[in-house]
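[1] Prediction below, plus the sequence it came from.
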Amino acid sequence: MRSPIRIVFEQRSETPKYLSTLVPLLSVVAALVVGALFLLATGYSPVETYSNMLSDGFTSSRGITDTLGLSTVLICTGISAAFAFQMNLYNIGGEGQLYLGMIGGAWAGLALGDRLPSYLMVPAVLIVGALAGALWVLLPAFVRSRMGTSEIVTTLLLTYIAASLVKHFVYSPGSFFVTKNSAFPQGRLVPDSASLTGINGTSLYPTFFMVILIALALFWIVKRTEYGYRIQVISDSPRAAHYAGINANRTTLSVMLISGALSGLGGAVLIVGPFGRLDPGIILLGYGYAGIVIAALARNNFSAIIVSGILFAGLRSGGDKLQISTDTPIHIGVMLQGAILLFALGGEAFRRYHVHAVRTERAAQ
Amino acid sequence: MTNTSHEVAKGPHHASGAAPSALSAHSIVKRFPGVLANDSVDFDVLPGEVHTLLGENGAGKSTLAAMLCGLYQPDSGYISRNGERITLSSPRAGLHHGIAMVHQHFRLVERFTVAENVILGSRDLSYKLNRSELEDKVAAVAESYGLPIEPGATVGDLSVGQRQRVEIVKALYQGAEILLLDEPTAVLVPAEVEKLFENVHAMTQAGKSIVFISHKLGEVVEISDRVTVLRNGRVTGHVSGRGAADTKELARLMVGRDIELTTQRASHATGHEVLQIRDLSLSLNGVSVLSDISFNVHAGEMVGIAGVAGNGQRELADTIAGLMSPSSGSVAISGSMTTDRGPIHARELGLAYVPEDRLGMGLVPSMSILDNLLLTRDRHIVVDRTSVRPEATRLIEQFEIKANGPDHVARKLSGGNAQKVLLARELSGGRSATKLLVVCSPTRGLDVGAIETVRALLDDARSAGQAILLISEDLDEVMSLSDRILVLYRGSIVHETPGATAQLSTVGAAMAGLTTEGNS
């Protein structure tokens, strides 16, 4: 009688370096395969769809600038998620913090009007947006650090409130954020002094480079500074942190606030960049949620987030254009995003365990 | 292939016509990533015999035991039972063959009664439990081996020794003929050890086989009919005959060289008071953990705190280190109060603290040795690793830490080497020169060679004029190192005696709470 085959997960004592790259890559490939199955089942050609996405997202010059432009906000939400995740703080409300960043940024732009020159206005919009994002995470951060309340629940629920706030500010008559006496409820455009123009008329804004610098700075901070050291100690061993006199509560609070600020910055980037106004359309885009996937795919490594953020932006912008050029549903991009997250998380098992099949002899009964 | 292995399967005893071993392992090989844990190990135990597996930590004795009870499968080699080759694919299969393991860390449900724990996992229970009948059955099994046990008691209320008895009764109830006892004395006070040994004799009298796993030489000599010594995954020696083994000889087989675990005491007069504890009490969630503790430790003196685990030792150490605030009373280091001022303040006053839980508290598992050295030191805003690197390299050499270098991750160190990293950091001074060293169970789980090193390091620190508070559950260690011994029982100091004249029986009795008044 043939003995049954059993799949054995054996814990690795060391993860081979190549797996840290291979697993995320294969996650993306596996997600594309699943996406292909869905496309086939619904009657579209996967090859054609993917090649269109690829050319729209990555290969044409227009596609590249669109991708990099979109990646600006996605890298923001990605580093926002990763900054909290690396300390085992699951701020999944980056989406809501992004809305607040938009509200804050639009408010700063509109309230300050044309009174400041552009070189002060743009930073002001970005800073107020970041502060608004941080403000939105203040309550979850506080109750988490003092009472241990799950930040997963609080940040998620606050996202719904943030979405309602955006709608309120745009749809309530006479709101500060909308054009007066307009038949169509629409956010007011911030003044030119608070707007940047795309490089060479493309949708790539200078904020892209700022965000790259921030991601690299965070990479350095985490690896090299006392603050990063503390984060690492607390995330790995709260008891060792206590032993060493590291104040975990204060660090928890600050990490959450910085995470919120980074998502808020993502919202403000949209104000000085492509949107220019508070736009309820943001609610359908899910840039904040995408940040979670981007962080997971990059395993919270800030420099890798630049790559995964751009990759995602390409999938998204390629997917968006598909609907215009062909009749492929726009949701293929979002679906791929979800599939990538699932595979990236599942792929962790292969990094941690050596998986192999063995033939087992049955125990004597 | 199958033919030849079938021939071998009959085993040497069978082939030579002698009575077959109850259980034997033949040329067992087991590899773990990067480690050859068992290298063609042969081992056997006869019915009614105590056969000890002796070896340092990491020698491969637990790995072998795990294969004997079905927890692991050998990479090559095989196991036979009464001369028949068997395959143990799981602990349940082991039980089926009458092999049970009593683990060092008990696997009991604290909220269940003794009887409920004993029957847990049995598959032949009826849908409705008849408690009194089950309790009678459990009591009957226990009594037949002279294991006094209250089947209706809740396990959470039992002492460690009693819990161990529950584990043994459970194994017997499940029909075990061969019991593997993994470091069973590690958690017991001397009186309980004696009791355990009586139980072991009762079991062997009844024809059970005992595989006794230990690294404590004295008890091994006392209990064993035969001893097999393992070192680095290989069998380095066999000794047969009760009482035939000699501790010195066993130590040499275990370590590969001669070992001197001498008694060390302060060689010179002790200095001023470094640690002063006054009327210290601590309550946690309304439960008194420490009550009215007062004592001093002088420069150049080592004070040992003896006691069974869970009598307030950890809380005492944490309070001294500034990690817990006392409910009342005070702690002073070099005359300065540390009460309520946190761990960094205590360290600035000259405290070094080696906590009991190395990888859970003293070290950050995911960090490198280098980063772990920085844990209790003053780090600048930008952590300056380059200037600490040479020191890290030097400490790795000085403390003979087996590592690939300063970047070796703490999690991947063996227990002994992790402890050396911790000691290296704490003994090498951090925020200020060390005046007071609080060490908890510094040699627990270490091999004899490492114990020798650690004890020598502590002795050096004492000679250098540091005040040392040694908190350990290893009574031998406290007895042989301390200048003064305090016994902690239920959060109070119940006994104090000079180390040189301490009596094992008196200290042991105090640890078990048997003295009311005990200054000698």
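    Arrived safely, thanks for sending. Residues are numbered from 1 along each chain as shown, chains lettered A, B, ... in the order given.

[2] what about the longest helix in chain A?
    helix A:118-147 (DSSP state H).

[3] so for that one, what's the average pLDDT?
    In this model, helix A:118-147 has a mean pLDDT of 95.

[4] in the helix or strand that that helix is followed by, what's buried?
    Counting by DSSP states H and E, the next helix or strand C-terminal to helix A:118-147 is helix A:151-171. Within helix A:151-171, the residues that qualify as buried are A:151, A:154, A:155, A:156, A:158, A:159, A:162, A:163, A:165, A:166, A:169, A:170, counting by 16 or more other CB atoms under 10 Å in any protein chain shown. The way it works is simple: take the backbone N, C-alpha and C, and place the C-beta from them, glycine included.

[5] Need these in TSV (columns: distance to residue B:179).
    Output for these, formatted as TSV (distance: CB to CB, whole Å):
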residue	distance to residue B:179
A:151	48
A:154	52
A:155	52
A:156	52
A:158	57
A:159	57
A:162	62
A:163	63
A:165	67
A:166	68
A:169	73
A:170	74
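
[6] Chain A contacts on the stretch 1-150 of chain B?
    Residues of the stretch 1-150 of chain B lying close to chain A (CB under 8 Å from any CB of the partner chain) are B:32-34, B:70, B:86-90, B:92-93, B:96-97.

[7] Just among those, which is most surrounded?
    With neighbours taken as other CB atoms under 10 Å in any protein chain shown, the top of those is residue B:88, carrying 26 neighbours.

[8] Does that one lie in a helix or a strand, and which?
    Residue B:88 belongs to no helix or strand when assigned by DSSP H and E.

[9] and what of residue B:176?
    Counting by DSSP H and E, residue B:176 is part of no helix or strand.

[10] which residues does it contact?
    Neighbouring residues of residue B:176 by CB atoms under 8 Å, 6 or more residues apart in numbering or on different chains: B:95, B:98, B:99, B:100, B:208.

[11] cool, residue B:366 as well?
    Neighbouring residues of residue B:366 by CB under 8 Å, 6+ apart: A:232, A:236, B:409, B:410, B:411.

[12] redo that, cut-off 7 Å
    Contact analysis of residue B:366 by CB atoms under 7 Å, 6 or more residues apart in numbering or on different chains lists A:236, B:409, B:411.

[13] quick revisit: the contacts of residue B:176 in strands, which ones?
    Residues of the contacts of residue B:176 located in strands (DSSP state E): B:99, B:100.

[14] Closest one to chain A out of the contacts of residue B:176, please.
    If you rank the contacts of residue B:176 by distance to chain A using CB to the nearest CB, residue B:95 comes first, at 10.2 Å.

[15] Closest one of the contacts of residue B:366 to residue B:253?
    Using CB to CB, residue B:411 is the member of the contacts of residue B:366 that lies nearest residue B:253, at 30.8 Å.

[16] State the number of residues packed around the closest one.
    14.

[17] Just the element for the nearest residue to it once chain neighbours are set aside, please.
    Closest residue to residue B:411 apart from its sequence neighbours, by CB to CB, 6 or more residues apart in numbering or on different chains: residue B:365 at 3.9 Å. Under DSSP H and E, no helix or strand contains residue B:365.

[18] I figured residue B:365 was touching residue B:412, is that so?
    No. The pair residue B:365 and residue B:412 fails to qualify as a contact (CB atoms under 7 Å) at a distance of 8.9 Å.

[19] neighbour count winner among those two?
    Higher neighbour count among residue B:365 and residue B:412: residue B:365, with 17 against 14, using other CB under 10 Å.

[20] Let me see the backbone angles for the more buried one.
    phi -60, psi -40 (degrees, to the nearest 10).

[21] Could you check the pLDDT of it?
    pLDDT for residue B:365: 92.

[22] In contact with it, which residues are there?
    By CB under 7 Å, 6+ apart, the residues touching residue B:365 are A:236, A:237, B:359, B:410, B:411.

[23] Just give the number of residues close to the residue in the stretch 151-300 of chain A positioned nearest to chain B.
    The minimum distance from the stretch 151-300 of chain A to chain B, using CB to the nearest CB, falls at residue A:245 (3.9 Å). Using other CB under 10 Å, residue A:245 is surrounded by 18 other residues.

[24] buried ones in the longest helix of chain A?
    For helix A:118-147, burial by neighbour count (16+ other CB under 10 Å) applies to A:121-122, A:124-137, A:140-142, A:144-145.

[25] likewise stretch B:495-511?
    Result for stretch B:495-511 [16+ other CB under 10 Å]: buried residues B:495, B:496, B:497, B:499, B:502, B:506, B:507, B:508, B:509, B:510, B:511.

[26] of all the residues you listed, which comes closest to chain A?
    Using CB to the nearest CB, the buried residues of stretch B:495-511 come closest to chain A at residue B:511, 26.9 Å.

[27] Can you give me every residue that contacts the closest residue to the closest one other than its chain neighbours?
    Setting aside the residues directly before and after it, residue B:511 is nearest to residue B:189 in space (CB to CB, 6+ apart), at 5.1 Å. Going by CB under 7 Å, 6+ apart, residue B:189 touches B:308, B:508, B:511, B:512.

[28] Widest-spaced pair of the residues you listed?
    B:308 and B:508 (10.0 Å).

[29] Spell out which residues of the stretch 401-520 of chain B are next to chain A.
    Neighbours of chain A within the stretch 401-520 of chain B, by CB under 7 Å from any CB of the partner chain: residue B:412.

[30] Setting aside sequence neighbours, what's the nearest residue to whatever residue of the stretch 151-300 of chain B ends up closest to chain A?
    Residue nearest to chain A within the stretch 151-300 of chain B (CB to the nearest CB): residue B:284, separated by 14.8 Å. Sequence neighbours aside, residue B:315 is the residue nearest to residue B:284 in space, at 7.3 Å (criterion: CB to CB, 6+ apart).

[31] pretty sure the one you found is touching residue B:287, no?
    No. The criterion here is CB under 7 Å, and residue B:315 misses it with residue B:287 at 10.7 Å.

[32] ok, the two, which is more surrounded?
    residue B:315 (20 against 8).

[33] ok, that one to residue B:336 distance?
    22 Å (CB to CB, to the nearest Å).

[34] again with residue A:173
    For residue A:173, the distance to residue B:336 - CB to CB - is 67 Å.

[35] Pick out whichever of those two has more residues nearby.
    Legend: neighbour count by other CB under 10 Å for residue A:173 and residue B:336, higher for residue B:336 (14 against 7).

[36] returning to that earlier point: please indicate which of the contacts of residue B:365 are buried?
    Applying 16+ other CB under 10 Å to these flags A:236, A:237, B:359, B:410 as buried.

[37] Spit out the contact partners of the last one.
    Read that as residue B:410. Residues near residue B:410 by CB under 7 Å, 6+ apart: B:359, B:363, B:364, B:365, B:367, B:369, B:372, B:418, B:421.

[38] In terms of pLDDT, where does residue B:396 sit?
    Here the pLDDT value assigned to residue B:396 is 91.

[39] from memory it sits against residue B:403, does it?
    Yes. Counting by CB under 7 Å, residue B:396 touches residue B:403, with 5.8 Å between them.

[40] Spit out the residues that contact those two alike.
    Shared contacts of residue B:396 and residue B:403, defined by CB under 7 Å, 6+ apart, comprise residue B:369.

[41] who's more crowded, these two?
    Ranked by neighbour count (other CB under 10 Å), residue B:396 and residue B:403 place residue B:396 first, with 23 against 20.

[42] Provide the secondary structure category for that one.
    Following DSSP: H, G, I helix; E, B strand; the rest coil, residue B:396 is assigned to helix.

[43] How much space separates the nearest residue to residue B:418 once chain neighbours are set aside from chain A?
    Nearest residue to residue B:418, sequence neighbours excluded (CB to CB, 6+ apart): residue B:358, at 5.0 Å. According to CB to the nearest CB, to the nearest Å, residue B:358 stands 10 Å off from chain A.
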